[in-house]
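Colleague: kindly generate the corresponding structure for this input.
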Amino acid sequence: MNKLLVLSGLLLLSVCCLSANDRLDLNINQIPDSLKKNAHAVIRYANTEFEYKSETNGLERKEISISILNKKGSDLSAFRCACDKFRELKSFTGKLFDAEGRLLRKFKMSDVSSTEYSQALATDAKLYYFDCDLPAYPVTIIYEYEVAWKNGILVFPVFYPQYAHNLSVEKANYKLFLPDNMEYRSKAVNIAPNPKKATMKGITCYEWESKTQSAIEPESFDPDLDTFVPLLYLSPSKFVYDGVPGVITDWNSMGKWEHSLLDRRDILSDNTKNQLVEMTKNASSDREKVQIIYDYLGKTTRYVSIQLGIGGYQPMPAAEVCKTGFGDCKALSNYMKSMLSAIGISSYYTGIRMDKKDKTLYGDYANFNQMNHVILQVPLHKDTLWLECTNPRIPFSFIHNGISGHDALVNYEQGGKIVKLPDYPDSLNVEKNRANVILNKDGSATVSMNKKCQLKIYDNYDWFPLAKSNEQADNLREDIKLPSVSMGAIQVKENKSALPSLAIDYTWTTPLYGTKTGNRLFVPVNPYRDIYNGLKKTKRIHDISISAGYRDIDSISITIPAGYEIESIPASKVIKTVFGNFESSIQVNPKRILILHSLFIPTGEYKVSTYPDFVEFFEKISSNYKSKIILRKRTT
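Modeller: Numbers count the residues shown, from 1 in each chain. So this is what the prediction gives:
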């Protein structure tokens, strides 16, 4: 019997725990040329092991060997480990090797620094960090460390070996040790979903592997990196997190668990309830009542991040937010929900992710990794409102860029439901430039401008009304593709309706609007646009993704200097393709030139095979924007 156990143990170790010394030669010359191509760094070997000890405790062991090929890869040599009430760094060692694999230096736990600094008002978070001083390139650095997981395990460590552009991977392993027959859930992307398995003494080791992943060069209009690279999410079905038990098998059960965290956190004082009723008693509709409460929320609270204990998932009580006047996205959304409940209007706590191009959630895998924000759904009789409760500057009922068109998890008492938020038609996301140019004989000019930004373009400029005047001037100056621009007065008018817009009136001057050569002036057709000059003509790897469509409209009136006449103007153009449409026309009379440009780019996904046509489309547009009008001095 003992011999059988020894053999079984040897089998498990041979499958799951190979020695680091058997894995690779640290000499840089041993890296295949295919992995050096487009790479600033190469992960020679990475191993993650997670040992599940109980519903509340586990041990994560990590080893990573990474070769830094050049200065651009230096940031990838840094060690970072984020910890909190649920994770603690227990051990750390590091080794630095030269290009031939000779040991240069060793590092230990005392070399690691930590900080509790955070933008959060209150947090358990602590960041451990170590920045290795690299003497030259290339070098290889190896980190080995352990992290104790405690107080609950909602998810297992994510397997994400190729976590950056221009990073290739020679070999990476992930091993999960669970009690035999324990259920877990997983989502495998670009990696074989079925792991190797070995069992000993009631413990099963599951192992996934990723080999020879070539570096990915970032491309304009490409999808998120995790669309292309190996990615593995894992989580237990049953858990206890900070003393709160739960079972999550799908989005419905996840929503139900999150909804349970709101229990008795909606209580407001009678005085507050009476105040809310009094505030809304003269409103003519439920929508107007919601707007009154939303405006009140914006005036009386401010956003701060709070990440204490289960506070990463559970909001502060509504009464506490009412008293202190601050809260994070969870707390403010729950407070808004509680205030609406006090006046008889139902609303629902909603989880969403804001920081990815991909707006969809994995329908077959419910997990906390895909959520990083909370908003509020308010279903009314003829409309459903989606309220952003953390930023009072966002107009009431406007669905901002971070959430429009995104999947979200609405938490009802009976469970969660995935819904897709509305999005705006591309044609309504408009930026208009209207310019009146007084051109002088020497090429200098005084220009009066009006810029109007609507919907998603408005959202891109949400910071502008509150910015300092010099910051506003610098931003507007960057839009003008001419030298020696001096900015004048700037006036801003904001329309914060459900379809918001921003109007900016400003003046500017330059001595070089036109270039004078002999008796001619060469005048740019449109110095306010510079369309995607960064598109490379080299072979493209990935499909094209336009995640947000828009329309640009320009009207430029140029007063011709006395004594000059038009020698030549560009021809009118109409370009229509699957990628968008462009129109250019120039109207003239003896005193004035009027340039009209219109560009429409729709949201779309296009195969990589269309890339040459895509580049040609934008080159034609850029050529029109950069073309010149030639004025000639009259000879009589």
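Colleague: and the strands in the stretch 201-350 of the chain, which stretches?
Modeller: Ranges of strands in the stretch 201-350 of the chain, per DSSP state E, counting those that start in this stretch, are 203-213, 231-236, 238-241, 244-247, 302-303, 305-307, 326-327, 348-352.
Colleague: which one of the ones you listed has the lowest average pLDDT?
Modeller: Lowest mean pLDDT of the strands of the stretch 201-350 of the chain: strand 305-307, a mean of 59.
Colleague: contacts only, for the closest residue to Gly202 other than its chain neighbours.
Modeller: Excluding the flanking residues, the one nearest Gly202 by CB to CB, 6 or more residues apart in numbering is Asp180, at 4.7 Å. All C-beta spots, glycine's among them, are computed from the backbone N, C-alpha and C. Residues in contact with Asp180 (CB atoms under 8 Å, 6 or more residues apart in numbering) are 199, 202-204.
Colleague: ok, and the most crowded of those residues?
Modeller: For the contacts of Asp180, the largest neighbour count, defined by other CB atoms under 10 Å, is 17 neighbours, found at Thr204.
Colleague: where's that one relative to Arg520, distance?
Modeller: Distance, Thr204 to Arg520, using CB to CB, to the nearest Å: 81 Å.
Colleague: next one: Leu268
Modeller: Per CB to CB, Leu268 is found 74 Å from Arg520.
Colleague: can you check Tyr362 too?
Modeller: Counting by CB to CB, the gap from Tyr362 to Arg520 is 62 Å.
Colleague: average pLDDT across stretch 482-500?
Modeller: Averaged over stretch 482-500, pLDDT sits at 96.
Colleague: what of stretch 126-134?
Modeller: 92.
Colleague: what's the answer for stretch 141-155, then?
Modeller: 95.
Colleague: looking at Leu268 and Arg520, which has the bigger crowd around it?
Modeller: Taking neighbours as other CB under 10 Å, Leu268 and Arg520 compare with Leu268 leading, 20 against 16.
Colleague: that one against Met336, yeah?
Modeller: No: here Leu268 does not reach Met336: they are 11.6 Å apart, not a contact under CB atoms under 8 Å.
Colleague: helix, strand or coil for the residue nearest the centre of the chain?
Modeller: Centre of the chain computed as the mean C-alpha position; nearest residue by CA atoms, centre = their mean is Asp355, 2.7 Å away. Secondary structure for Asp355, judged by DSSP: H, G, I helix; E, B strand; the rest coil, is coil.
Colleague: check contacts around it.
Modeller: 372, 402.
Colleague: got a pLDDT number for it?
Modeller: 79.
Colleague: Val492 against Tyr506, yeah?
Modeller: No: contact between Val492 and Tyr506 fails when scored by CB under 8 Å: they sit 9.0 Å apart.
Colleague: quick one: which of the two has more around it?
Modeller: Remark: of Val492 and Tyr506, Tyr506 carries more neighbours, 19 against 16, as counted by other CB under 10 Å.
Colleague: in the sheet, who's paired with the more buried one?
Modeller: Applying DSSP bridges to Tyr506 gives these bridge partners: Met449, Ile490.
Colleague: Ile593 versus that one, what's the distance?
Modeller: Distance of Tyr506 to Ile593, given as CB to CB: 22 Å.
Colleague: all helices of the stretch 1-150 of the chain, in order?
Modeller: 2-16, 33-36 (DSSP state H, counting those that start in this stretch).
Colleague: quick one: which of those has the weakest pLDDT on average?
Modeller: Note on the helices of the stretch 1-150 of the chain: helix 2-16 shows the lowest mean pLDDT, a mean of 37.
Colleague: mind checking pLDDT for Tyr117?
Modeller: 49.
Colleague: sorry, slip of the keys, the one I care about is Asn181.
Modeller: 86.
Colleague: what sits against the closest residue in space to it that isn't next to it in sequence?
Modeller: Once flanking residues are discounted, Asn181 sits nearest to Thr204: 7.9 Å by CB to CB, 6+ apart. Counting by CB under 8 Å, 6+ apart, Thr204 touches 177-182, 197-198.
Colleague: can you flag the buried ones in those residues?
Modeller: Buried members of the contacts of Thr204, scored by 16 or more other CB atoms under 10 Å, are 177-178, 198.
Colleague: domain map for this protein?
Modeller: 2-236, 251-420, 426-633 (automatic domain parsing).
Colleague: okay, these, which one's buried deepest?
Modeller: Comparing the domains of the chain by mean neighbour count (mean count of other CB atoms under 10 Å), domain 251-420 ranks first with a mean of 18.
Colleague: any idea how far it is from the chain center?
Modeller: Relative to its chain's centre, domain 251-420 lies at 21 Å (CA atoms, centre = their mean, to the nearest Å).
Colleague: next: stretch 49-65.
Modeller: 28 Å.
Colleague: hmm, back to that, closest to Cys132 among the contacts of Thr204?
Modeller: Closest approach to Cys132 among the contacts of Thr204 (CB to CB): Phe177, at 30.2 Å.
Colleague: A strand includes the closest one, no?
Modeller: Yes: counting by three-state DSSP, Phe177 is found in a strand.
Colleague: roughly how far apart are Glu567 and Thr515?
Modeller: Taking CB to CB, one finds Glu567 at 14 Å from Thr515.
Colleague: cool, and Ser444?
Modeller: Remark: distance between Ser444 and Thr515 (CB to CB) = 11 Å.
Colleague: now do Ile438
Modeller: When distance is defined by CB to CB, Ile438 is 17 Å away from Thr515.
Colleague: report the contact partners of Asn436.
Modeller: Here Asn436 is in contact with 447-449, 557, 559 (criterion: CB under 8 Å, 6+ apart).
Colleague: parallel or antiparallel, which strands does the helix or strand hosting it pair with?
Modeller: Counting by DSSP states H and E, the element that carries Asn436 is strand 430-439. Strand 430-439 has its sheet partners listed here by DSSP bridges as strand 445-454 (antiparallel), strand 550-559 (parallel).
Colleague: who touches the first one?
Modeller: When contacts are defined by CB under 8 Å, 6+ apart, strand 445-454 is touched by residues 428-439, 460-461, 476, 499-510, 513-514.
Colleague: can you confirm Phe617 is in a strand?
Modeller: No: read with three-state DSSP, Phe617 is helix and lies in no strand.
Colleague: could you number the chain from 852 rather than 1 from now on?
Modeller: Sure thing, new numbering starts at 852, so read that last one as Phe1468.
Colleague: residues contacting it?
Modeller: If you count contacts by CB under 8 Å, 6+ apart, Phe1468 has them with 1426, 1428, 1430-1431.
Colleague: can you list those in CSV and add distance to Pro1074, secondary structure and pLDDT?
Modeller: Converted to CSV, these look like this (distance: CB to CB, whole Å; DSSP: H, G, I helix; E, B strand; the rest coil; pLDDT from 0 to 100):
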residue, distance to Pro1074, secondary structure, pLDDT
Ile1426, 26, strand, 97
Thr1428, 21, strand, 97
Phe1430, 17, coil, 97
Gly1431, 19, strand, 97
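Colleague: what ranges does the stretch 1102-1251 of the chain have for its helices?
Modeller: 1102-1111, 1121-1131, 1137-1151, 1169-1175, 1180-1193.
Colleague: Gln1221: which of these is closest?
Modeller: Counting by CB to CB, Gln1221 lies closest to helix 1102-1111 out of the helices of the stretch 1102-1251 of the chain; the figure is 10.0 Å.
Colleague: convert that closest one to CSV, retaining C-alpha atoms only.
Modeller: Only the C-alpha atoms of helix 1102-1111 are listed here, as CSV (Å, rounded to 0.1, in the frame of the first residue of the first chain):
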residue,chain,number,x,y,z
TRP,A,1102,-25.8,34.8,-14.1
ASN,A,1103,-29.2,34.3,-12.4
SER,A,1104,-27.6,33.0,-9.2
MET,A,1105,-24.9,35.6,-9.2
GLY,A,1106,-27.5,38.3,-9.4
LYS,A,1107,-29.5,36.7,-6.6
TRP,A,1108,-26.4,36.6,-4.4
GLU,A,1109,-25.5,40.3,-5.1
HIS,A,1110,-29.1,41.3,-4.5
SER,A,1111,-28.9,39.6,-1.1
